[in-house]
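1. missing the sequence, but the structure's below:
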């Protein structure tokens, strides 16, 4: 029995409110990375921490800086003590799916597209992330096996869905999740992968297309100002979802079926005392893979989020062709004591420090075929107090799931619990989630009323839930 481990940290956070009296914003940059002033286009890997600490940032016109994920796939955070000037481009786009069936990688903090399969009667894989698009469905008829395209990944808006050849139920697009405030910085989810097109009576078999990767996530914060051009070409920040692939052509007709779905757009968050100039933001969903010969292609991915927080936006003119840009006043760019969960071991087998966590990659943990149920899952936590309940969920590749809970013990800086849970046959994805307090205060208001609490919950395979709780006790779910 091969078991795969996936940790999607779903933390419900409760943030204390305070009276809003902030008149200036500090990015928190240490300046340790000096000034960033590239003179030519370059591709840069996000550091292990996910954070660059600059003094100033200057990206001139004609220069594009493309960021690629680190091993832990953390979102990108760019902090500056001085001015940040974007006359060129910053790119965190998800990659397109592959015609040979591989899902596209997400941008930094985004999620990979689902892989296609090459076996008759097997559906494509669901896209990765909380809003992953549904996999393409194999459809049998009297002469050949047909299939539809994969569903689009979701983020701010849900991904597109498809009814394969008019059949019910439809292949779902990924659901929406997250918040326009981008308190939890996440990228877009991947599109669903295609399934195999098998010509039973014609002697051919072709692989469907991979799903597109979700756009990445970036926080760009300056203690002084963020400056875009005032004329000419606008400075550009893009976190688009990757497109789904068409898959291999059917040899008897040179047509395409079983295409992958497009990945969702990612997240772009700017925070400073002042933001000025003409900016262009792109966080569009990727297009579904092409379908021909009267067949259905993959569905499009949903859009991402763009948020700009500043005390002075009087000279700021943002443009975006596909989504709206929300704005507000600055909050703290990063919490100082971020709570975290880690699955340390399963049935006595230690987990890798950086788990892959997807069905399309080699398993993170392999258990023997005679492994008895239930198994013990050890959870380590940081900055979460003892007595907090942790929920572990096991999801099989077929979609069935089981859950179990445990209680953390030990010091808040390093607490732990052991949870007994029964695993299902075949490949399994494990998730861990909890609720806790954050020590940082973040001023927030809804319709003029202070918000005392923010609850955020996310689990792999499900849509996230986010609810604001105002001082009067009013609960305001985020529209999705």
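-> Looks like it arrived, so ask away. Bear in mind that the values here come from a model prediction, so they are computed numbers and not experimental data. Residues are numbered from 1 along each chain as shown.
2. switch to C-alpha atoms for all contacts and neighbour counts from now on
-> Noted.
3. Contacts only, for residue 385.
-> Neighbour list for residue 385: 408-413, 415, 436 [criterion: CA atoms under 8 Å, 6 or more residues apart in numbering].
4. For the stretch 251-400 of the chain, which residues score under the pLDDT cut-off?
-> Low-confidence segments of the stretch 251-400 of the chain, defined by pLDDT under 70, are located at 251-257, 291-296, 321-322, 331-339, 353-362, 397-399.
5. need the strands for it, in chain order.
-> If you assign secondary structure with DSSP state E, counting those that start in this stretch, the strands in the stretch 251-400 of the chain sit at 267-271, 274-282, 305-309, 316-319, 326-328, 340-346, 349-350, 365-366, 375-382, 389-396.
6. looking at those, which is buried most?
-> Highest mean neighbour count of these: strand 267-271, a mean of 28 (counted as mean count of other CA atoms under 10 Å).
7. so it versus strand 305-309, what angle?
-> For the pair strand 267-271 and strand 305-309, the angle between their directions (axes from the mean of the first three to the mean of the last three CA atoms, to 10 degrees) equals 0 degrees.
8. what's in contact with strand 267-271?
-> Contact partners of strand 267-271, identified using CA under 8 Å, 6+ apart, comprise 27, 182, 185-188, 215-222, 237-239, 281, 283, 304-310, 330-331, 333.
9. could you redo the last one with a cut-off of 7 Å?
-> Contact with strand 267-271 is made by 186-187, 216-222, 239, 283, 304-310, 330, as judged by CA atoms under 7 Å, 6 or more residues apart in numbering.
10. Show the buried residues in those.
-> A residue is treated as buried here by neighbour count (16 or more other CA atoms under 10 Å); on that basis the buried members of the contacts of strand 267-271 are 186-187, 216-222, 239, 283, 304-310, 330.
11. next structured bit after the one helix or strand residue 65 maps to?
-> With elements delineated by DSSP states H and E, residue 65 resides in strand 64-68, which encompasses its position. Counting by DSSP H and E, the next helix or strand C-terminal to strand 64-68 is strand 76-80.
12. Quickly run through the sheet partners of that next one, with directions.
-> Listed by DSSP bridges, the sheet partners of strand 76-80 and their directions read strand 51-54 (parallel), strand 217-222 (parallel).
13. How far away from the center of its chain is the shortest one?
-> Right, strand 51-54. Between the mean C-alpha location of strand 51-54 and the chain-wide mean there is a distance of 22 Å, by CA atoms, centre = their mean, to the nearest Å.
14. what do you get for stretch 229-247?
-> Computed by CA atoms, centre = their mean, the chain-centroid distance of stretch 229-247 equals 17 Å.
15. And it, what's buried?
-> When neighbours are counted by 16+ other CA under 10 Å, the buried residues of stretch 229-247 are found to be 229-230, 234-247.
16. out of those, who's nearest residue 432?
-> Taking CA to CA as the measure, residue 432 lies nearest residue 241 of these, at 26.6 Å.
17. Settle this for me: that closest one is touching residue 282, isn't it.
-> No - with contacts counted by CA atoms under 7 Å, residue 241 stays clear of residue 282, the gap being 9.7 Å.
18. what does stretch 32-52 rub up against?
-> With contact meaning CA under 7 Å, 6+ apart, stretch 32-52 is reached by 53-59, 63-70, 74-79.
19. hmm, try it at 8 Å
-> Against stretch 32-52 from outside (CA under 8 Å, 6+ apart): 53-60, 62-72, 74-79, 108.
20. How about stretch 407-425?
-> Judged by CA under 8 Å, 6+ apart, the contacts made with stretch 407-425 from elsewhere in the structure are 1, 373-390, 392, 394-396, 400-406.
21. so residue 67 makes contact with residue 94?
-> No - because the distance of 10.5 Å does not satisfy CA atoms under 8 Å, residue 67 is recorded as not touching residue 94.
22. Of those two, give the one with the bigger neighbour count.
-> More neighbours surround residue 94 than the other of residue 67 and residue 94, with 39 against 20 (other CA atoms under 10 Å).
23. pretty sure that one is in a strand, no?
-> No - under the criterion used here (DSSP: H, G, I helix; E, B strand; the rest coil), residue 94 is coil, not part of a strand.
24. Next one: it from residue 308, what distance?
-> Plainly put, residue 94 is 22 Å away from residue 308 if you go by CA to CA, to the nearest Å.
25. what's the answer for residue 157, then?
-> When CA to CA is applied, the distance between residue 157 and residue 308 equals 19 Å.
26. Can you pull the domain assignment for this protein?
-> 1-22+333-480, 26-329 (automatic domain parsing).
27. Of these, which stretch is the most buried?
-> Highest mean neighbour count among the domains of the chain (mean count of other CA under 10 Å): domain 26-329, with a mean of 26.
28. end-to-end on it?
-> Separation of the first and last residues of domain 26-329 by CA to CA is 13 Å.
29. Numbering from 33 from now on, please.
-> With the count now opening at 33, the last piece we talked about shows up as domain 58-361.
30. correct me, but residue 344 touches residue 258?
-> No - Residue 344 is not in contact with residue 258 according to CA under 8 Å; the separation is 10.7 Å.
31. list the residues that contact both of the two?
-> Contact criterion CA under 8 Å, 6+ apart; residues shared by residue 344 and residue 258: 306-307.
32. Enumerate every residue touching residue 333.
-> Counted by CA under 8 Å, 6+ apart, residue 333 has contacts 183-186, 190-192, 205, 223, 273, 293-297, 316-320.
33. From residue 304, how far out is it?
-> Taken as CA to CA, the spacing of residue 333 relative to residue 304 amounts to 30 Å.
34. Grab the nearest non-local neighbour of residue 406.
-> residue 454 (4.2 Å; CA to CA, 6 or more residues apart in numbering).
35. Do you know the pLDDT at the one you found?
-> At residue 454 the predicted local distance difference test score is 87.
36. Residue 379 contacts residue 409, correct?
-> Yes - with contact defined as CA under 8 Å, residue 379 and residue 409 form a contacting pair (6.4 Å).
37. Pull up the distance across stretch 186-204, start to finish.
-> Across its full length, stretch 186-204 reaches 10 Å between end residues, using CA to CA.
38. Now do that stretch, average pLDDT.
-> For stretch 186-204, the mean per-residue pLDDT is 79.
39. next one: stretch 222-239
-> Stretch 222-239 carries an average pLDDT of 68.
40. correct me, but residue 309 touches residue 261?
-> Yes - the pair residue 309 and residue 261 passes the contact test of CA under 8 Å, sitting 5.1 Å apart.
41. if you look at the buried residues of stretch 261-279, which of them are in strands?
-> 267-270 (DSSP state E).
42. Closest one of those to residue 133?
-> Of these, the one sitting nearest to residue 133 (CA to CA) turns out to be residue 270, at 25.5 Å.
43. Cheers, nothing more for now.
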